[in-house]
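# Here is a sequence together with a model predicted from it:
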Amino acid sequence: MNRRSSGRRSQTRTETKRGRYIQARPANGELTDIAFDATIRAAAPYQKERQTPEDQLAFSIRKQDLQRKIRIKQTANLILFVVDASWSMAVAERMSAAKGAVLSLLTDAYQRRDRVGMIVFQKDRAQVVLPPTNSIELARRSLADIPIGGKTPLSAGLNLAYEVIKREELSHPDMQSLLILLTDGVGNVSISRMPPQEEAYKIAEKIAGDK
C-alpha cells in the first residue's frame, strides 16, 4: 500500500472501487474497475493495423489494451505518543508537552477521523495510558494522573507501541500511523538478555521495517 501526506489529511492508494480516480495502469488480467478512457487511448494507436476484411469493428479493443483505475481516498491517521516517564530533571516538562500535544490534536481530530493514543514507560514496564481515541474527554480523564520516576525501559515502550500499531492496522487497514517518541535519555532496562540500548535499536528497526 502506498501512502502520501496531503495537508492535514492522508491520502491512500486503494484497491477498492471507492475513492477518486487519479490514473490508470495495465489491468494484467484484473477485470474490475476498468478505466474505459485510458483503455480507449491505449487501443487507439493500433486501430489501422487491426482492421481486416473479416473484422469490421468500428473500434477494436483487445485484452492487452485494458487499463485499470488507480484511486486514492482520504484516510484516518493514528498518532501514537511514546513518552519517557522515568526520572529526570525534564520529566515534568516532557509530560506536560506530550499531554498538551495530545489534547491539541484531539480538538479537531473528529472531523478528520484521526485518533491519538499515548504509551508511557518507566521503572521496568510500559503501559497504554490512553488507548487510541478521538475523544478529548477520555483523554483529559486518562492523562490527569500519570506516574513518573524510576529507570528507562525504552525497549518496553517501543515494543508495546509496535503491538498497538499492528493491532490498530488490522482493524483499520487503510490507516496511516505515526509514532512520536519523547525521551531525553537512553534505555537502561531490557526485556530480553540483550543490552538495553541495542535491544531498543532492534525494536525500532522492526517498527521502521513494517512501515
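All right, it came through fine. Numbers count the residues shown, from 1 in each chain.
# And the helices in this structure, which stretches?
36-43, 47-50, 91-107, 109-112, 136-142, 154-171, 196-209 (DSSP state H).
# By mean pLDDT, show me the worst of those helices.
Mean pLDDT values for those show the minimum at helix 109-112, a mean of 68.
# residue furthest from the geometric center of the protein?
Residue farthest from the centre of the chain, counting by C-alpha atoms, centre = their mean, is residue 53 at 55.8 Å.
# What residue spans form the domains of this structure?
As given by automatic domain parsing, the domain ranges for the chain are 9-73, 76-209.
# Would you mind finding the most buried of these?
domain 76-209 (a mean of 18; mean count of other C-beta atoms under 10 Å). Where C-beta positions appear, they are placed from N, C-alpha and C, glycine not excepted.
# For residue 50, see how far away the residue nearest the centre of the chain is.
With distances taken as C-alpha atoms, centre = their mean, residue 176 lies nearest the centre of the chain, 1.9 Å away. Separation of residue 176 from residue 50 (C-beta to C-beta, to the nearest Å): 44 Å.
# sorry, back to before: can you list the helices of the chain in CSV and add distance to residue 129?
Converted to CSV, these look like this (distance: least, C-beta to C-beta, whole Å):
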stretch, distance to residue 129
helix 36-43, 50
helix 47-50, 65
helix 91-107, 10
helix 109-112, 17
helix 136-142, 6
helix 154-171, 11
helix 196-209, 19
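# which one of those helices lies closest to residue 75?
helix 109-112 (9.6 Å; C-beta to C-beta).
# Would you check that residue 85 makes contact with residue 125?
No - here residue 85 lies out of contact with residue 125, judged by C-beta atoms under 8 Å, at a distance of 10.5 Å.
# Specify the beta-bridge partners of the residue nearest to the centre of the chain.
Per DSSP bridges, the residues bridged to residue 176 are residue 77.
# quick one: it and residue 74 touch, right?
No - judged on C-beta under 8 Å, residue 176 makes no contact with residue 74 at a distance of 10.7 Å.
# and the gap between residue 163 and residue 116?
From residue 163 across to residue 116, the span is 17 Å (C-beta to C-beta).
# actually residue 50, sorry about that
57 Å.
# and what of residue 84?
Distance, residue 84 to residue 116, using C-beta to C-beta: 18 Å.
# Residue 68 too?
Counting by C-beta to C-beta, the gap from residue 68 to residue 116 is 36 Å.
# Model confidence at residue 4, what's the number?
42.
# And residue 58, by the same measure?
On the pLDDT scale, residue 58 is placed at 82.
# Now stretch 127-141 - C-alpha only, PDB.
Taking Å, rounded to 0.1, in the frame of the first residue of the first chain, the C-alpha atoms of stretch 127-141 are listed here in PDB:
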ATOM      1  CA  GLN A 127       1.600   0.900  29.700                       C
ATOM      2  CA  VAL A 128      -1.100   2.300  27.400                       C
ATOM      3  CA  VAL A 129      -2.400   5.300  29.400                       C
ATOM      4  CA  LEU A 130      -4.600   6.500  26.500                       C
ATOM      5  CA  PRO A 131      -5.900   3.900  24.100                       C
ATOM      6  CA  PRO A 132      -6.200   5.200  20.500                       C
ATOM      7  CA  THR A 133      -9.300   7.500  20.600                       C
ATOM      8  CA  ASN A 134     -10.800  10.700  19.100                       C
ATOM      9  CA  SER A 135     -12.400  11.600  22.400                       C
ATOM     10  CA  ILE A 136     -11.000  14.600  24.100                       C
ATOM     11  CA  GLU A 137     -13.000  13.900  27.200                       C
ATOM     12  CA  LEU A 138     -11.500  10.500  27.600                       C
ATOM     13  CA  ALA A 139      -8.000  11.900  27.000                       C
ATOM     14  CA  ARG A 140      -8.500  14.500  29.800                       C
ATOM     15  CA  ARG A 141      -9.500  11.800  32.200                       C
END
